[in-house]
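J.: Here you go, sequence then predicted model.
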Amino acid sequence: MLPHAAIQASSGRPTHECGICGICNHTDSAKLTYFGLYALQHRGQESAGIVTSDGTKVNMYKNMGLVPEVFSEQILRTLIGHLSIGHVRYSTTGASNITNAQPLMVNHKGTTLAVAHNGNLVNSQQLRTKLEEQGSIFQTTMDSEVVLHLLARAAHKGLETALQETFVQLKGAYSLLLMTADTMIAVRDPDGFRPLCLGRLKNGTEGGWIVASETCALDLIEAEYVRDVAPGEILIIRQDGTMTSVFPWPEQNTHFCIFEQVYFARPDSDIFGINVYQTRKRMGEILAEEANIDADFVMPFPDSGNYAAIGYSQASGIPMEMGVIRNHYVGRTFIQPTQSMRDFNVKVKLNPVRSFLKGKRVIIVEDSIIRGTTGKSRVRALRQAGAVEVHMVVSCPPTRHACYYGIDFPSCEQLIANAKSIEEIAEYLGLDSLHYLSLDGLVRATGLEKKDFCLACFDNNYPVEPDLTFRKDIFG
């Protein structure tokens, strides 16, 4: 049986890395972390885990599967403590198995340390090789384990010094949570690739805090958003609720991953200080300015293109309709059909409204095209349903280059836009026309500046030098 993320990858959709959530200074921290992870389920569906502490005893539970599959009320009752960190995973480094599920936890000289990591370290293999030569024994194939080994080697210098010495050695994308028996630490890389936010708990123990990948996790437990954890910040939160903030790196420009706005983050989250829903609507509005197409209606394929489609429709004056209907009761796995039922993974999720599509000129709004396999099947289904013209507009530029910072397309060979021109992609997908949002238009939709973002998957300009030899399937 394929995990859900593997189904996504096989259907040509981009897949993400992980989601993290931590609670400090609340008597029911495990349950709040559970709800936080539930809100972040879209960031990883392979495994889930929670570590808790009551100040002396540390408990952990993790397993393969979705959050409600992994945790029951009975299990949550065993996770006692006022302090907890949790993780949902999609594997971008390391194989998909229980050994690599997070949080990772170790005991070193009487001290327990756990880590939950979102992102990819581009120098993890070099650091791992060096540590192994010095006697370290690794238990997983995760880049996150490197962090624990480095911290253990510097632990005798005190927590704050050990943290600074560890993280200045790391390169790449990481928003992560660390936990000792009485302290939670949030760390974000100096480029700020991945999001991480801080919130205050409104009920329970006075001075309670939450740190999470997205603000939607705060909303679910009715926490108050305080601020983002700053790029380059190490934030130490103690069990009494007091905090210390450390910035061991020189000040530099941020390089936020713009794909968080395009595809990954939930639309009800604020990411990098920007509301995702409104940004995606603006992407659609700008697409309508850049692509002048006459059609009967605009339609998304639920749910990826919904919000850009709203913006496109409102800006162009072309009505938006739901030309395909999503089956919301599709589980993570299902019995595979006979060979004659082609494209079943696509068909089981989305079904065209045939009587409505017949004789119509249609504009599909998509958020991205990665491998193109999904789009080809979907366009074919619209043609078979009777659509006479099928155009597609995409709310980001062509994705031509690999990502080394946590998105699961680490080789250019997987990317259709790396090998084909826009006209060739349109022909491959069976479209009458294909229009991508310009890079300037994408940045304009966010309200920030081009220098604020990592745009490497579009322009091949990598802000942190990647490891070009990295292969997830070999490393994991």
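T.: Perfect, I can see it now.
J.: wait, residue 260 sits on residue 274?
T.: No: assessed by CB atoms under 8 Å, residue 260 is found out of contact with residue 274, at 9.3 Å. From N, CA and C alone the C-beta is placed, and that goes for glycine too.
J.: So which of the two has more stuff around it?
T.: residue 260 (24 against 19; other CB atoms under 10 Å).
J.: Contact partners for the residue lying closest to residue 256 once chain neighbours are set aside?
T.: Using CB to CB, 6 or more residues apart in numbering and skipping the chain neighbours, the partner closest in space to residue 256 is residue 272 (4.7 Å). By CB atoms under 8 Å, 6 or more residues apart in numbering, the residues touching residue 272 are 192, 195, 228, 256, 260, 261, 446, 448, 452.
J.: Identify the residue spatially nearest to the first one, adjacent ones excluded.
T.: Once its chain neighbours are removed from consideration, residue 192 has its nearest residue in residue 231; the separation is 3.1 Å (CB to CB, 6+ apart).
J.: Quick check: the one you found vs residue 100, distance?
T.: Applying CB to CB, to the nearest Å, the value for residue 231 to residue 100 is 27 Å.
J.: Spell out the secondary structure type for residue 418.
T.: Under DSSP: H, G, I helix; E, B strand; the rest coil, the three-state class of residue 418 is helix.
J.: Now do it, the pLDDT please.
T.: On the pLDDT scale, residue 418 is placed at 94.
J.: how far away is it from residue 401?
T.: From residue 418 to residue 401 the distance is 7 Å (CB to CB).
J.: Next: residue 185.
T.: Distance of residue 185 to residue 401, computed by CB to CB: 33 Å.
J.: Can you say which helix or strand has residue 74 in it?
T.: Counting by DSSP states H and E, the element that carries residue 74 is helix 73-78.
J.: Restricting to C-alpha, output that helix in CSV.
T.: Below are the C-alpha coordinates for helix 73-78, written out as CSV (Å, rounded to 0.1, in the frame of the first residue of the first chain):
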residue,chain,number,x,y,z
GLU,A,73,-7.5,9.3,23.4
GLN,A,74,-5.9,6.5,25.3
ILE,A,75,-2.4,7.2,23.8
LEU,A,76,-2.7,10.9,24.4
ARG,A,77,-3.5,10.3,28.1
THR,A,78,-0.1,8.5,28.4
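J.: quick one: residue 42 and residue 266 touch, right?
T.: Yes: if you go by CB under 8 Å, residue 42 and residue 266 touch, sitting 6.0 Å apart.
J.: Among those two, which residue is more densely surrounded?
T.: Taking other CB under 10 Å, residue 42 and residue 266 do not tie; residue 266 has more neighbours (19 against 16).
J.: which residues touch the closest residue to the more buried one other than its chain neighbours?
T.: Distances taken as CB to CB, 6+ apart place residue 216 nearest to residue 266, at 4.7 Å, with adjacent residues excluded. If a contact means CB under 8 Å, 6+ apart, then residue 216 has 39, 40, 266, 268, 269 as its contacts.
J.: Show the contacting residues for the residue lying closest to the last one once chain neighbours are set aside.
T.: Closest residue to residue 269 apart from its sequence neighbours, by CB to CB, 6+ apart: residue 214 at 4.0 Å. With contact set as CB under 8 Å, 6+ apart, residue 214 has these partners: 19, 39, 40, 43, 195, 197, 265, 266, 269, 271.
J.: looking at those, which has the most residues close by?
T.: Among the contacts of residue 214, the one with the most neighbours (other CB under 10 Å) is residue 19, at 31 neighbours.
J.: Assumed that one was part of a strand.
T.: Yes: according to three-state DSSP, residue 19 belongs to a strand.
J.: And the pLDDT for the residue nearest to residue 266?
T.: 98.
J.: Please, which helix or strand holds it?
T.: If you go by DSSP H and E, residue 216 is part of helix 215-220.
J.: So what's the gap between that helix and the chain middle?
T.: In terms of CA atoms, centre = their mean, to the nearest Å, the centre of helix 215-220 is found 15 Å from the chain centre.
J.: In it, which residues are buried?
T.: 215, 216, 217, 218, 219, 220 (16 or more other CB atoms under 10 Å).
J.: what does stretch 129-138 give?
T.: So stretch 129-138, judged by 16+ other CB under 10 Å, has buried residues 131, 136.
J.: List of residues touching that stretch?
T.: 128, 145, 146, 149, 150.
J.: tell me the mean pLDDT over it?
T.: Rounded mean pLDDT across stretch 129-138 is 83.
J.: So what would you say the end-to-end distance of it is?
T.: Taking CA to CA, to the nearest Å, the first and last residues of stretch 129-138 lie 10 Å apart.
J.: Please spell out which residues along stretch 384-396 are buried.
T.: Neighbour counts over stretch 384-396 (16+ other CB under 10 Å) mark 385, 387, 389, 390, 391, 392, 393, 394, 395, 396 as buried.
J.: Show me what the third one is bridged to.
T.: Looking back up the chat, that one is residue 389. Beta-bridge partners of residue 389, counted by DSSP bridges, are residue 361.
J.: Touching, it and residue 364? I think so.
T.: No: taking CB under 8 Å as the definition, residue 389 is not a contact partner of residue 364, at 10.9 Å.
J.: Residue 185 and residue 401 - which one has more neighbours?
T.: residue 185 (26 against 19).
J.: per-residue confidence for residue 326?
T.: Taking residue 326 on its own, its pLDDT is 87.
J.: Who are the contact partners of it?
T.: Applying CB under 8 Å, 6+ apart to residue 326 gives the contacts 302, 303, 349, 350.
J.: same check, this time on residue 87
T.: Going by CB under 8 Å, 6+ apart, residue 87 touches 18-21, 37, 44, 47-50, 62, 101-103, 116-117.
J.: of all those, which comes closest to residue 368?
T.: Among the contacts of residue 87, residue 44 lies closest to residue 368 (CB to CB), at 18.6 Å.
J.: From residue 353, how far off is the closest one?
T.: From residue 44 to residue 353 the distance is 32 Å (CB to CB).
J.: ditto for residue 18
T.: Counting by CB to CB, the gap from residue 18 to residue 353 is 36 Å.
J.: ok, now residue 327?
T.: 13 Å.
J.: Equivalent analysis for residue 468, please.
T.: Going from residue 468 to residue 353 by CB to CB gives 46 Å.
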